[in-house]
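**Student:** curious how this folds, go ahead:
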Amino acid sequence: MSLKWESAYYPLWDRPISVDEALQIRVQNRGEYRENPCYNSQQCFEEGLGIQLTPCDFSNSNTSTINHFRAFPNQESVKKQVASSVGMGSSSAQYTDSAIRVKQVTEFLLYELEGDRIAVQDMLILSVVSGKISSVNHPDIIIRHRGDYHRRETRIFVQDVGRSPQYDELVDDWFLNITKFSPPLITSWRKMRPLFMKEYKAAEAKMRRKKASILEEQHLEEARTILTEIMKDVYSDQTSFPELHLVEQGIQLRIDNGDISKSIGNSARALYLKENQGSIFVDGNGISRVWHNGSEVVGRGWQSSYVEGQ
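**Tutor:** Numbering: from 1, shown residues only. Reported below is the predicted structural model:
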């Protein structure tokens, strides 16, 4: 196991301790390697999934390695349980660090994110709750945003080697890929937070684009539905090119009645022109005019008052 920790949970004192504190306890015990049990996190320890750690002293070595905690060897049984707890029990992750990495990151998000002033301010966090971490068919973490945010929640799935989501990514989903996150970031929220926030901003931009695309599709679908209704109301034979003013009157009537927005009306009008292969141009007076089969389609006086974009 190549992961290293800069601090560990110390059950005896019920708090985190630094490497130097653990080494000092060892000194007090006359150099015996009995600094009392240390674990990778309080939450894992309380769940019975704690990885037992030992402090490593490099103060007298000739290397640049700094003091750190590392895992005791021969903890395969616990690693298997951790892998199962994050939905990786049937994969080879029980023989790698992947499951522990995922477990660490989900714990950071669940227990550190909501209390992080910078994250709360930038993400407008209202609360952070657990999803279904033990399954790859559901999000791991659900962030609920304040009312002035542009969406209600963000659903996070933590992805690493051997762990991929088995469901479609919807507009509010963020598949956080930590495959390239270095070990020091995985074991320290303080170190991981800057990269996490940058990843979030990139994911946020992607989610905004996806939402805009979906809204545009919904907008066009509504416009198409309205146009179909108008064509049925006005014409029984839709194979010929009808006069524009009758279609526009149908659109305007629905706008006036509050049935549709002006934007939907403009889109329905544009679809009508496109589907009937008419051509439109704006004359010198800023008036939209329609041509079909070499002649202008006159709107009988009403057409000139309906200008797209208003």
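
**Student:** quick one: Ile17 is in a helix?
**Tutor:** No. Ile17: not assigned to a helix; according to DSSP: H, G, I helix; E, B strand; the rest coil it is strand.

**Student:** what's around it, how many residues?
**Tutor:** For Ile17, the tally of surrounding residues (other Cβ atoms under 10 Å) stands at 20. In short, each C-beta sits where N, CA and C put it, glycine included.

**Student:** any idea how far Ile25 is from the closest residue to it other than its chain neighbours?
**Tutor:** Excluding the flanking residues, the one nearest Ile17 by Cβ to Cβ, 6 or more residues apart in numbering is Tyr10, at 4.3 Å. Tyr10 sits 9 Å away from Ile25, going by Cβ to Cβ, to the nearest Å.

**Student:** which one's more surrounded, those two?
**Tutor:** With neighbours defined as other Cβ under 10 Å, Tyr10 and Ile25 compare such that Tyr10 has more, 22 against 18.

**Student:** give me the beta-bridge partners of the more buried one?
**Tutor:** Beta bridges link Tyr10 to Arg15, judged by DSSP bridges.

**Student:** tell me the pLDDT of it.
**Tutor:** pLDDT recorded at Tyr10 is 95.

**Student:** so what's the closest residue to Ile66 other than its chain neighbours scoring on pLDDT?
**Tutor:** Of all residues beyond its chain neighbours, the one nearest Ile66 is Phe58 (6.5 Å), with distances taken as Cβ to Cβ, 6+ apart. Here, the pLDDT recorded for Phe58 equals 83.

**Student:** now do the SS call for Phe58.
**Tutor:** Classified using three-state DSSP, Phe58 is coil.

**Student:** isn't it right up against Asp20?
**Tutor:** No. Counting by Cβ atoms under 8 Å, Phe58 stays clear of Asp20, with 11.7 Å between them.

**Student:** so what's in contact with those two at the same time?
**Tutor:** Common contacts of Phe58 and Asp20, defined by Cβ atoms under 8 Å, 6 or more residues apart in numbering, comprise Asn67.

**Student:** partners of the helix or strand hosting Ile143, with directions?
**Tutor:** For Ile143, the enclosing helix or strand under DSSP states H and E is strand 141-145. The strands beside strand 141-145 in its sheet (DSSP bridges) come out as strand 125-130 (antiparallel), strand 153-159 (antiparallel).

**Student:** which of these sits most buried?
**Tutor:** strand 153-159 (a mean of 21; mean count of other Cβ atoms under 10 Å).

**Student:** counting by contacts, list what the helix or strand following that strand packs against.
**Tutor:** As assigned by DSSP H and E, the chain's next helix or strand after strand 153-159 is strand 173-177. On a contact count with 3 or more Cβ pairs under 8 Å, 6 or more residues apart in numbering; DSSP states H and E, strand 173-177 meets strand 153-159, helix 189-234.

**Student:** for the longest one, which helices and strands make contact with it?
**Tutor:** Translated: helix 189-234. helix 98-111, helix 117-123, strand 173-177, helix 183-186, helix 244-256, helix 262-275.

**Student:** report the distance from that helix to the chain centre.
**Tutor:** Here helix 189-234 is found 13 Å from its chain centre; the criterion is Cα atoms, centre = their mean, to the nearest Å.

**Student:** so it versus strand 141-145, what angle?
**Tutor:** Between helix 189-234 and strand 141-145, the angle comes out at 70 degrees (axes from the mean of the first three to the mean of the last three Cα atoms, to 10 degrees).

**Student:** helix 189-234 vs strand 173-177, what angle?
**Tutor:** Interaxial angle of helix 189-234 relative to strand 173-177 (the same axes, to 10 degrees): 150 degrees.

**Student:** distance of the residue lying closest to Val136 once chain neighbours are set aside relative to Thr54?
**Tutor:** Nearest residue to Val136, sequence neighbours excluded (Cβ to Cβ, 6+ apart): Gly87, at 4.4 Å. Distance, Gly87 to Thr54, using Cβ to Cβ: 29 Å.

**Student:** if we can go back for a sec, shared neighbours of Tyr10 and Ile25, anything?
**Tutor:** Asn36.

**Student:** re earlier: give me the number of residues near the residue nearest to Ile66?
**Tutor:** Other residues close to Phe58 by other Cβ under 10 Å number 13.

**Student:** and it, how far is that from Gln159?
**Tutor:** 33 Å.

**Student:** check Glu47 too.
**Tutor:** Glu47 is 22 Å from Gln159, by Cβ to Cβ.

**Student:** over to Gln166?
**Tutor:** Relative to Gln159, and taking Cβ to Cβ, Gln166 is found at 11 Å.

**Student:** with Trp174 instead?
**Tutor:** Distance of Trp174 to Gln159, computed by Cβ to Cβ: 10 Å.

**Student:** same question, Leu126
**Tutor:** Leu126 is 25 Å from Gln159, by Cβ to Cβ.
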